[in-house]
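In: Compute the structure for the input listed below.
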Amino acid sequence: AGASPVEAAGYTGIENKRKIKEKERTDGGKLWRMALSNLGRSRSRTILTVISLALSLVLLNSVVTLSRGFDMDKYLSHFMKTDGLIAHAQYFNFEYRGGDQDTVSDQAIRAVESREEFLDGGRIYYDRGILVTVKDPGVKAGDLSYIGMPMEDLQVEDGEYYASIYGMDSFNIGKLDVIEGEPDEEKLATGRYVIAGVTTDDRRKPVPENQHFHTGDRIILNNRGKIREFEVLAVNAIHTYGETTRNFDEYTFILPSGVYQEFTGSDEVMSYTFDVKPDKIQSMTEFLAAYTRNTEQEMSYETKQSYVGEFQEMQYMLLMVGGALSFLIGLIGILNFMNSILTSILSRKREFAILTSIGMTGKQMKKLLAFEGLYYAAGTGMTALLLGILTSVFVIGRVGGSIWFFSYHFIIWPLLICIPLLFLLGVLVPAAAI
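Out: From the prediction side, this is the model:
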């Protein structure tokens, strides 16, 4: 009778003896926890911003890894075995025909040898007018040549094939990449021995299926009726740019200069290769440029310095293009980040007003937004590191492996440099926005 209507409405007749324990927390209002909760409000926008920023860093790291993987030593060794090479201009156009009009002049050779920079050199002889054939009983029906043509199509007569034969000075023979035997110059000088060549791939590795002869094999060369038997003393991995006409030859043989001239009756010098003293390649290159421009315009040259410039230009182009793409993607990511922060501020004006009304100061507000920016930076950094490592190992390593002058090195320092900048950005952008 003494109960109020409200108390009567709540009466059930059952006494509730359980007490509700109030939960006490001291970290519910922490700024870092509030910032983390805020990012979860628009997960798709947060993920898009993090991924766009991370992709720009991954691309940058990939470009640096690729460019640093370009191996100058591999690149130079593919084109140059010596410090320099001089020949007729037609030779460098892959149009060497031989004859007096296409050979290296003695004047040009003397000019090189008289230079203070000169160390040692040698002549390579070749006469395209000499038709030499070789018997190869090892060819079977269905065999293909190095360029994929049926060997039957290369026959001159039954079991005979055209061959290219070169004469070389001691300097050049000493530079050969011998994979079998030993090019003993005393034995070679007897005229009973020859060095056989085997084609190589872009990585300068011999192609075993195109090795027609081995050391100890006896071969018969036919120089338009002048027939001679030779024993293969050594096998050389052919350096196309430094030892041949730069055209494909299925069969290649090398003789010392004296034996070559006696067997072929020709003394036409196809090219002259040379080495220079240490740190003198630049001055020799400058001399050759002036000589071929002012003295013998029909002569031309190549030096390692020429290919160094070409290599560096290629590296520079990759860095420029890749760097520009990284910058564009990074700019998009930064704009997304700024847009996320600004949109968040504008859409939460009422929320900020309520927080201010219950005691949040302007300094705390800035701290809250700074935490959000730092979370963006941390998420981007971790994503970029994970994707960067996976991309470097599994993508760049394999793609670069298909490039013959590439040597893979694991690189992550571009990411490690950029991640602190992300944290700085994460603090400055929110501070400037509020």
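In: all strands of the stretch 151-300 of the chain, in order?
Out: Taking DSSP state E, counting those that start in this stretch, the strands of the stretch 151-300 of the chain run over residues 155-157, 160-168, 178-181, 193-198, 218-223, 226-237, 252-256, 269-276, 299-303.
In: could you redo these as JSON lines and give each row distance to F327 and mean neighbour count?
Out: Where you see a C-beta, it was placed from the backbone N, CA and C, and this is true even at glycine. As requested, the strands of the stretch 151-300 of the chain are exported to JSON lines (distance: least, C-beta to C-beta, whole Å; neighbours: other C-beta atoms under 10 Å):
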{"stretch": "strand 155-157", "distance to F327": "59", "mean neighbour count": "12"}
{"stretch": "strand 160-168", "distance to F327": "51", "mean neighbour count": "22"}
{"stretch": "strand 178-181", "distance to F327": "47", "mean neighbour count": "17"}
{"stretch": "strand 193-198", "distance to F327": "47", "mean neighbour count": "25"}
{"stretch": "strand 218-223", "distance to F327": "61", "mean neighbour count": "16"}
{"stretch": "strand 226-237", "distance to F327": "44", "mean neighbour count": "18"}
{"stretch": "strand 252-256", "distance to F327": "49", "mean neighbour count": "24"}
{"stretch": "strand 269-276", "distance to F327": "41", "mean neighbour count": "24"}
{"stretch": "strand 299-303", "distance to F327": "36", "mean neighbour count": "21"}
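In: To D136, which of those strands lies closest?
Out: Nearest of the strands of the stretch 151-300 of the chain to D136, taken as C-beta to C-beta: strand 160-168 at 5.9 Å.
In: Report all helices and strands that that closest one contacts.
Out: Applying 3 or more C-beta pairs under 8 Å, 6 or more residues apart in numbering; DSSP states H and E, we find strand 160-168 packed against strand 118-125, strand 132-135, strand 218-223, strand 252-256, helix 257-264.
In: sorry, back to before: including mean pLDDT, could the strands of the stretch 151-300 of the chain go into CSV?
Out: Output for those, formatted as CSV (pLDDT from 0 to 100):
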stretch, mean pLDDT
strand 155-157, 79
strand 160-168, 89
strand 178-181, 94
strand 193-198, 94
strand 218-223, 89
strand 226-237, 93
strand 252-256, 94
strand 269-276, 95
strand 299-303, 94
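In: what about the ones you listed, which gets the closest to R97?
Out: Between these, strand 269-276 lies closest to R97; by C-beta to C-beta that is 10.5 Å.
In: what would the helices and strands packed on strand 160-168 look like in JSON lines with distance to G181?
Out: Below are the helices and strands packed on strand 160-168 laid out as JSON lines (distance: least, C-beta to C-beta, whole Å):
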{"stretch": "strand 118-125", "distance to G181": "20"}
{"stretch": "strand 132-135", "distance to G181": "18"}
{"stretch": "strand 218-223", "distance to G181": "14"}
{"stretch": "strand 252-256", "distance to G181": "12"}
{"stretch": "helix 257-264", "distance to G181": "17"}
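In: Which of these sits closest to Y91?
Out: strand 118-125 (10.3 Å).
In: Neighbouring strands of the closest one in the sheet, and parallel or not?
Out: Counting by DSSP bridges, the strands paired with strand 118-125 are strand 160-168 (antiparallel), strand 269-276 (antiparallel).
In: So which of these is nearest Q107?
Out: Comparing these by C-beta to C-beta, strand 269-276 comes nearest, at 11.5 Å.
In: just the angle between that closest one and helix 257-264, please?
Out: Relative orientation of strand 269-276 versus helix 257-264 (axes from the mean of the first three to the mean of the last three C-alpha atoms, to 10 degrees): 170 degrees.
In: and the angle for strand 269-276 with strand 299-303?
Out: For strand 269-276 against strand 299-303, the angle by the same axes, to 10 degrees is 40 degrees.
In: roughly how far is strand 269-276 from the heart of the chain?
Out: A distance of 29 Å separates the centroid of the chain from that of strand 269-276, by C-alpha atoms, centre = their mean, to the nearest Å.
In: picking that back up, closest to P278 out of the helices and strands packed on strand 160-168?
Out: With C-beta to C-beta as the criterion, P278 lies closest to strand 118-125 of the helices and strands packed on strand 160-168, at 8.8 Å.
In: No further queries at this time; thank you.
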